[in-house]
Every structure is written in structure tokens, then in C-alpha cells.
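Novice: Generate coordinates for the sequence data below:
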Amino acid sequence: MGKSNFHERKEARIARYQELAEKNKVASDAAYKASHDAVKNIPMGQPILVGHHSENQHRRTLKRSWDKMDKSIELSNKSDYYAEKAKAAENNTSISSDDPDALEKLNEKLESLLEKQNQMKMINKICRSKKLAEVEIIEKLKTEYNLNEISIKSLLNPIYSFEKKGFPSYALRNNNGRIRQVKQRISKLKSIEKLENESFTIGKVEINVNVDDIRVEIYFPYILEEEFRKKIKSNGFKWSRYKSAWQKQISKWNIEDAKKLAKIFNEL
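Specialist: Numbering: from 1, shown residues only. Below is the predicted model:
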């Protein structure tokens with residue numbers, strides 16, 4: 001898990017969703033065909049002959065057909081669901097901490113956000129200039145920032161009379177918030193890189209600080225009771241079938257949480 005095979009896991013996840021989408025589509029088509037085959041020997045529009053010896057058979061046949069059609073619709077919906085999951089996974093541009101290029105990508109994103117913040121401030125300065133005529137403002141926005149007429153019109157004609165020309169203050173605040181978030185993530189990843197792989201035991205519990213996979217891993221000696229599993233989950237740890245361990249992203253606080261859970265387990 002983690003950085004060591006990040007891209008392989010992403011491709012495997014996409015392939016798994018695509019496979020499930022195709023599998024459910026095939027099953028849906030088969031159920032649809034079975035629904036039609038069930039009634040192919042009944043003439044179109046043939047009513048149920050109440051009291052006739054064929055009544056019960058007719059009703060059973062119709063029920064089988066309806067059940068198969070319901071199943072076909074259910075499977076078709078599942079196929080669409082997994083197809084959308086595959087598409088979302090392919091188009092996902094968010095930066096995962098597991099990505100080995102995460103720091104580089106985050107620094108690029110930070111640079112882009114800082115440039116955008118500075119550009120919005122400069123554009124606002126032009127839009128609100130008292131020394132320039134409107135025609136000069138429009139020309140500067142076109143030539144210096146390559147803005148189109150629709151964007152310029154929007155900047156120079158705010159919706160509400162109390163608003164200033166240019167980008168509204170919330171746009172700068174929101175972008176500044178994103179800058180802070182990216183800086184925090186960069187700081188967090190840098191602090192993780194300073195950690196070293198470490199394993200230690202507390203009573204019967206083994207804790208593994210896996211810097212390569214950016215995970216704190218807890219290994220218990222046997223299957224846990226439901227109540228204790230709830231406590232682990234409430235602390236944000238998730239079960240990894242791949243590792244047969246409970247794990248959570250690395251941080252000093254999460255390492256301490258792992259130690260506390262180990263101590264609680266040993267006291268049970």
C-alpha cells in the first residue's frame with residue numbers, strides 16, 4: 001500500500017470498477033432476455049383466463065417474467081453505478097498524499113494559487129483606478145491579462161450597487177483559504193518525511209510506523225470484539241485486508257492514538 005505502488009493501485013481500482021460495470025451489464029442483459037423468453041409462448045395481449053386450467057400457470061409465468069425484469073433493472077443500475085465510479089477515478093485530479101509526486105504537485109498548485117491571488121489583486125487595482133478612463137481599463141485588462149469581453153463586463157458591473165468593481169472580496173478570501181490548506185499539507189508531508197520507519201510492541205500489540213506507505217499500522221494478536229472495533233473506528237483507523245492491520249495516515253497524534261488503543265486493549 002501507500003507510495004510504493006500508488007499508480008498501480010489506482011489503475012487496479014479503475015479496472016475493478018470497469019469489470020464490475022461490465023459484469024452487471026452482462027447479467028442485466030441476460031435477465032432482460034430471460035424476462036422476454038418466459039412469456040414468448042403467450043400470445044401478445046392474451047388475458048389470464050380466470051377459472052381455466054391454465055390460470056395458475058399463466059400467473060406463475062408472468063411473475064417469473066416480472067421478477068426477471070426487476071432484476072434486469074437492478075443490475076443495470078449497478079452497472080451504471082460502477083461505470084460512474086470508474087469514470088470518477090479516471091478523472092480524479094485531487095492530489096493524494098500517497099502519490100510519490102505529491103510534494104511536487106502541491107508546490108506547483110501552491111505556486112498557481114499564489115499567482116492567481118496576485119493577479120486578482122492587480123486586476124482589482126486596475127478596475128478601481130481613478131486615473132484611468134473605462135476604455136483604458138478595458139484595454140489594459142484585455143492586453144495585460146487576456147480577459148474576454150464577458151469577463152471584463154462582469155468585473156466592471158457588479159450585481160449589487162454596494163459591491164466594488166473587480167473580483168469580490170470573498171473570491172480573494174476563498175483563494176487565500178486554499179493557499180493556507182495547501183501550505184498545511186506541504187508542511188505535513190515534509191514533517192512525515194522526517195520520520196523514520198519504526199516498529200515497537202506494547203504488551204500483545206505491535207505498532208508499525210510505516211513512512212514509505214504513510215501509515216501507522218496496528219497489529220492485534222486475534223480478532224477483536226465488536227465493541228473494541230467500534231472504538232478503533234471512532235479514532236479514524238480502518239481495517240486493511242492487504243496488511244491484516246488497522247491503519248491510519250501518519251502523524252505524531254495518530255501514533256499516540258495507536259499507543260493509547262494498544263494500552264486499552266492490553267487492559268481488557
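Novice: Let me know how buried residue 171 is, in neighbour terms.
Specialist: Residue 171 has 14 neighbours, counted by other CB atoms under 10 Å. Bear in mind the C-beta positions are built from the backbone N, C-alpha and C, glycine included.
Novice: next one: the strand or helix carrying it to chain centre, how far?
Specialist: Per DSSP states H and E: residue 171 is located in helix 169-193. Distance of helix 169-193 from its chain centroid, counting by CA atoms, centre = their mean, to the nearest Å, is 19 Å.
Novice: And for stretch 180-197?
Specialist: 21 Å.
Novice: picking that back up, same for the helix holding residue 171, what does it pack against?
Specialist: Helix 169-193 is packed against helix 102-127, with contacts defined by 3 or more CB pairs under 8 Å, 6 or more residues apart in numbering; DSSP states H and E.
Novice: quick one: contacts of the helix or strand following the helix it packs on?
Specialist: Downstream of helix 102-127, the next assigned helix or strand under DSSP H and E is helix 134-145. Helix 134-145 is contacted from outside by 119, 122, 123, 126, 127, 129, 132, 147, 151, 152, 155, 156, using CB atoms under 8 Å, 6 or more residues apart in numbering.
Novice: Report the inter-axis angle for helix 134-145 versus helix 102-127.
Specialist: Counting by axes from the mean of the first three to the mean of the last three CA atoms, to 10 degrees, helix 134-145 lies at 160 degrees to helix 102-127.
Novice: as a whole number, average confidence for helix 134-145?
Specialist: In this model, helix 134-145 has an average pLDDT of 95.
Novice: how about the CA coordinates for it, as PDB?
Specialist: Extracted in PDB, the C-alpha atoms of helix 134-145 (Å, rounded to 0.1, in the frame of the first residue of the first chain):
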ATOM      1  CA  GLU A 134     -13.100  53.000 -18.600                       C
ATOM      2  CA  VAL A 135     -11.900  52.500 -22.100                       C
ATOM      3  CA  GLU A 136      -8.300  52.400 -20.800                       C
ATOM      4  CA  ILE A 137      -9.200  50.000 -18.100                       C
ATOM      5  CA  ILE A 138     -10.800  47.600 -20.600                       C
ATOM      6  CA  GLU A 139      -7.800  47.800 -22.900                       C
ATOM      7  CA  LYS A 140      -5.400  47.000 -20.000                       C
ATOM      8  CA  LEU A 141      -7.500  44.000 -18.900                       C
ATOM      9  CA  LYS A 142      -7.500  42.700 -22.500                       C
ATOM     10  CA  THR A 143      -3.900  43.200 -23.300                       C
ATOM     11  CA  GLU A 144      -2.200  42.500 -19.900                       C
ATOM     12  CA  TYR A 145      -4.500  39.700 -18.600                       C
END
